[in-house]
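Student: everything below, folded, please.
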Amino acid sequence: MLKSKMFLKKTRAGGVMKIVREHYLRDDIGCGARGCAACGGAHEGPALERQPKDRASSLCPQPHYLLPDTNVLLHQIDVLEDPAIRNVIVLQTVLQEVRNRSAPVYKRIRDVTNNQEKHFYTFTNEHHRETYVEQEQGENANDRNDRAIRVAAKWYNEHLKKMSADNHLQVIFITNDRKNKEKAVEEGIPAFTCEEYVKSLTANPELIDRLACLSEEVNEIESGKIIFSEHLPLSKLQQGIKSGTYLQGTFRASRENYLEATVWIHGDNEENKEIILQGLKHLNRAVHEDIVAVELLPKSQWVAPSSVVLQDEGQNEEDVEKEEERERMLKTAVSEKMLKPTGRVVGIIKRNWRPYCGMLSKSDIKESRRHLFTPADKRIPRIRIETRQASTLEGRRIIVAIDGWPRNSRYPNGHFVRNLGDVGEKETETEVLLLEHDVPHQPFSQAVLSFLPKMPWSITEKDMKNREDLRHLCICSVDPPGCTDIDDALHCRELENGNLEVGVHIADVSHFIRPGNALDQESARRGTTVYLCEKRIDMVPELLSSNLCSLKCDVDRLAFSCIWEMNHNAEILKTKFTKSVINSKASLTYAEAQLRIDSANMNDDITTSLRGLNKLAKILKKRRIEKGALTLSSPEVRFHMDSETHDPIDLQTKELRETNSMVEEFMLLANISVAKKIHEEFSEHALLRKHPAPPPSNYEILVKAARSRNLEIKTDTAKSLAESLDRAESPTFPYLNTLLRILATRCMMQAVYFCSGMDNDFHHYGLASPIYTHFTSPIRRYADVIVHRLLAVAVGADCTYPELTDKHKLADICKNLNFRHKMAQYAQRASVAFHTQLFFKSKGIVSEEAYILFVRKNAIVVLIPKYGLEGTVFFEEKDKPNPRLIYDDEIPSLKIEDTVFHVFDKVKVKIMLDSSNLQHQKIRMSLVEPQIPGISIATDTSNTDLNGPEKKKIKLGK
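Tutor: Residues are numbered from 1 along each chain as shown. Next comes the predicted model:
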């Protein structure tokens with residue numbers, strides 16, 4: 001049956017255009033109930049159970065299906081995801097509304113409907129002849145949709161009676177809309193609110209905790225005292241932003257001080273780019289990462305960023321007077337030039353709430369159901385939740401979602417989502433750090449896996465099209481031990497004309513991941529592989545990462561090759577890019593490759609190739625450093641794990657060999673060559689990587705620290721910085737140069753991906769290269785997949801597609817990649833920090849030599865070279881008399897009683913694990929030497945390695 005709507009539309013030219021919309025209605029759409037004779041198996045895929053027996057509801061004891069409305073789906077998704085809730089009918093009307101209003105909830109509901117065990121069925125009521133409703137005159141879209149949902153619920157109840165004579169199946173309509181519920185009951189449809197229904201499930205009392213608390217009456221606290229000013233409506237905010245009265249930006253809470261935040265203003269306004277907010281009332285219920293509207297305060301009310309560390313430790317939420325007292329502490333006397341633009345939040349443009357990990361702070365009131373939840377992320381406020389499981393959840397990591405934040409509540413309201421496990425357990429803590437850094441780590445879905453090649457896989461004639469056969473070349477890979485995702489392989493051979501041919505061969509991942517399919521979308525979403533201490537979260541499924549794309553030895557593999565003809569002075573004479581087939585002759589570790597190069601007895605083809613590569617790499621590196629490339633340092637650590645318990649039993653800094661540098665040089669050269677090629681072909685659409693030069697103020701700490709040792713560091717260009725770092729040697733203090741390079745690393749900006757058509761500054765500061773991209777790691781970075789596609793089109797090896805030449809789409813991809821890379825870095829650091837804690841938990845208290853990296857007003861930040869570990873030694877402690885501290889920012893130095901500490905001074909510290917705060921266990925350091933009465937700690941432990949650490953140079957993270 002065909003319904004058609006006709007309406008007239010006026011065109012720009014003043015003409016009238018007739019538009020006809022056709023809407024097809026069908027009789028053959030199944031109800032989804034398994035074994036329904038009336039439908040005759042018209043539906044496919046997941047179906048509702050014939051006799052649902054899983055829920056014992058005191059409100060409706062007979063078997064039933066649930067039919068929720070849009071708001072229940074949007075706000076109670078945590079309840080619907082629970083294993084106890086099954087056999088749910090999701091109407092097309094509801095699904096379309098959810099899709100328009102919340103992409104994350106839409107994705108979650110799609111995942112639930114794809115789960116066969118949940119028995120969720122999507123019913124296309126908008127195309128069913130008996131459930132389609134037309135919008136009536138004077139009826140708004142919302143009321144029409146509510147009516148469509150009621151019509152579908154009524155139809156279901158009538159239809160299910162036809163299944164069999166003894167059938168008592170019902171469809172229960174779940175809605176939190178009072179009017180809609182009343183109308184449903186009038187029409188004879190069994191209807192309940194979500195809360196009524198969940199509370200009736202006597203066998204699953206824990207489900208009540210997962211209910212989102214939505215009604216404002218419930219949200220109000222009994223005291224009723226208004227703490228915050230009202231948020232302005234969106235229409236007023238948009239007017240204000242347009243007129244310049246208000247500014248729009250991203251709210252960034254402080255980790256150190258819960259009463260302070262900054263708002264990063266959107267747009268190109270250089271003035272007032274960053275606005276400070278101080279005090280509860282000015283923060284006005286904004287949560288970290290929300291998009292907010294702020295009003296700039298008059299200059300007389302501007303403040304300076306506070307140097308006070310304040311953690312929210314209050315249990316009593318009505319204690320607002322105490323907050324006001326703490327806010328006065330922030331207002332310290334400062335010079336006028338320290339004052340920063342200051343504002344207050346007037347409204348929320350977009351909430352960016354997510355589920356938060358943390359722990360329950362159990363209420364002191366016995367039998368209380370109301371408790372405070374303390375998130376692991378110190379930038380998130382505490383959340384008020386109601387739970388009946390408080391005693392079970394104590395000492396466990398849990399997830400909580402925020403529901404709302406009323407004006408009269410000190411904290412936002414939320415609900416319990418799920419229990420992750422015991423604090424300190426390896427699996428639990430790994431899950432927490434992945435969730436907190438928003439690392440997608442769920443197993444790949446069936447939809448994604450369906451796009452993988454069928455096994456057994458082999459190279460076909462079709463695969464050989466537009467490819468060169470390079471299986472005869474003596475190619476090998478050099479990687480860290482235990483590496484299974486081998487992205488790159490190399491070869492070097494002498495040509496008949498006396499020149500050298502050097503090839504970098506990269507796994508041809510883009511051959512397997514085709515644009516736009518589910519596998520491509522998932523890889524783009526993940527953006528990067530995340531390497532934790534004991535776990536790898538792959539960007540692509542294991543069949544590709546560790547098998548078909550991994551360039552293992554003695555198997556044929558598809559590759560993308562960059563081949564140069566060079567003279568013996570490493571000057572490029574010709575460059576060629578081609579898709580290829582290779583067969584690696586050896587998969588070596590850095591150590592094995594180094595042994596081959598150094599061994600006088602080995603002269604086989606692989607070793608000769610490695611020696612040629614190593615010789616050229618040294619020339620390339622020398623030339624790069626002459627141009628001003630930086631060689632910076634970062635203390636990287638490696639854990640040795642116990643084979644039984646998988647706990648760290650030893651921790652040491654990573655050793656770097658010549659072969660590390662050899663591989664790095666050719667990867668850099670390939671990345672630069674490819675960047676030039678794709679920019680030549682796609683000047684507007686090339687995906688490139690830049691590293692901005694740091695502003696001069698970033699270098700102040702480095703320059704001052706060097707000056708305190710009578711050394712001069714020049715920072716006007718990368719070349720002058722590199723040269724002054726090379727000169728900054730001290731014969732009596734060999735480790736000083738490494739410390740300076742570590743400090744220089746802290747001054748750097750973050751390297752980022754960008755689209756060439758959206759930027760005009762391409763320069764990579766750290767590599768001193770005018771153009772750069774990522775091409776050499778497509779198994780673990782999605783940026784490289786896009787670069788492969790661009791290069792394939794440029795050399796005629798593959799066809800293009802619309803999104804590849806859409807610079808706005810590319811800019812969005814870059815934004816996600818930059819976010820994912822940053823989060824992966826933070827997750828890796830968090831994993832190292834957690835494993836370091838495990839190491840010191842089993843090791844007990846140790847004393848080690850350390851060097852001062854920074855001096856603060858009341859502390860020193862030290863680096864322990866033996867463990868590559870950084871920590872803070874505080875000199876002011878609770879319940880102890882404070883020592884006399886004099887801080888000098890210019891030198892910089894810190895005088896404690898009569899002892900002065902400068903940057904790079906050698907000290908001895910005691911290291912131990914502080915477990916006093918279960919949620920934030922940390923490595924605690926105390927001063928042992930030099931001895932200061934009342935400050936230094938006597939030590940019996942003598943695990944000190946008195947040999948100074950050897951000097952190591954570590955590559956810059958490009």
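
Student: tell me the buried residues in the longest helix along the chain?
Tutor: Ranked by residue count under DSSP state H, the longest helix found in the chain is helix 807-843. By 16 or more other C-beta atoms under 10 Å, the buried positions in helix 807-843 come out as 810-811, 813-814, 817-818, 820-821, 823-824, 827-828, 830-841, 843. C-beta coordinates here come from the backbone N, C-alpha and C atoms, glycine included.

Student: so which bits of stretch 254-267 are buried?
Tutor: Quick answer for stretch 254-267 (16+ other C-beta under 10 Å): S254, N257, Y258, L259, E260, A261, T262, V263, I265.

Student: so which of these comes closest to T122?
Tutor: Among those, V263 lies closest to T122 (C-beta to C-beta), at 41.2 Å.

Student: what bridges to the closest one?
Tutor: Judged by DSSP bridges, the bridge partners of V263 are F251, I275.

Student: swap in D556?
Tutor: Beta bridges link D556 to N583, judged by DSSP bridges.

Student: so A37 lies in a helix, does it not?
Tutor: No - counting by DSSP: H, G, I helix; E, B strand; the rest coil, A37 falls outside a helix, being coil.

Student: isn't it up against K162?
Tutor: Yes - the criterion here is C-beta atoms under 8 Å, and A37 meets it with K162 at 7.3 Å.

Student: show me which helix or strand of the protein is least confident by mean pLDDT.
Tutor: When the helices and strands of the chain are compared on mean pLDDT, DSSP states H and E, helix 216-219 comes out lowest with a mean of 42.

Student: show me which pair in the buried residues of stretch 254-267 is furthest apart.
Tutor: Greatest spatial distance among the buried residues of stretch 254-267 (C-beta to C-beta): Y258 and I265, at 22.2 Å.

Student: tell me where the model's unsure across the stretch 151-300 of the chain.
Tutor: Along the stretch 151-300 of the chain, the model assigns pLDDT under 70 to residues 163-167, 214-224, 268-272.

Student: make it 80
Tutor: Counting by pLDDT under 80, the stretch 151-300 of the chain contains low-confidence ranges at 161-168, 213-226, 256, 267-272.

Student: strands of that one, residue ranges please.
Tutor: For the stretch 151-300 of the chain, the strands defined by DSSP state E, counting those that start in this stretch occupy 170-174, 191-192, 246-253, 260-265, 274-278, 291-296.

Student: using CSV, write out every CA atom in the fifth one.
Tutor: Coordinates of the C-alpha atoms in strand 274-278 are reproduced here as CSV (Å, rounded to 0.1, in the frame of the first residue of the first chain):
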residue,chain,number,x,y,z
GLU,A,274,41.7,31.2,28.5
ILE,A,275,39.4,32.4,31.3
ILE,A,276,39.8,31.5,35.0
LEU,A,277,36.9,30.5,37.2
GLN,A,278,37.3,30.5,41.0
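
Student: pull out the buried positions in it.
Tutor: Neighbour-count burial for strand 274-278 [16+ other C-beta under 10 Å]: I275, I276, L277, Q278.

Student: ok, back up a step: for A37 and K162, indicate the residue with more neighbours.
Tutor: Higher neighbour count among A37 and K162: K162, with 13 against 10, using other C-beta atoms under 10 Å.

Student: correct me, but that one touches C39?
Tutor: No - if you go by C-beta under 8 Å, K162 and C39 don't touch, sitting 9.4 Å apart.

Student: tell me the pLDDT of V581.
Tutor: On pLDDT, V581 comes in at 95.

Student: from A559, how far off is the nearest residue to it once chain neighbours are set aside?
Tutor: In this structure, V581 finds its nearest non-sequential neighbour in D469, 5.3 Å apart by C-beta to C-beta, 6 or more residues apart in numbering. From D469 over to A559 the distance is 11 Å, taken as C-beta to C-beta, to the nearest Å.

Student: shared neighbours of the two, which are they?
Tutor: Here D469 and A559 have S580, V581 as joint contacts, going by C-beta atoms under 8 Å, 6 or more residues apart in numbering.

Student: now do the domain split for this structure, please.
Tutor: What the TED database lists as the domains of the chain is 43-210, 234-312+335-421, 446-693+750-826, 696-747, 844-929.

Student: so how far is the fourth one from its chain's centroid?
Tutor: What it means is domain 696-747. Computed by C-alpha atoms, centre = their mean, to the nearest Å, the chain-centroid distance of domain 696-747 equals 32 Å.

Student: pLDDT of it, averaged?
Tutor: Averaging pLDDT along domain 696-747 yields 83.

Student: how far does it stretch from start to finish?
Tutor: Start-to-end span of domain 696-747 (C-alpha to C-alpha, to the nearest Å) is 9 Å.
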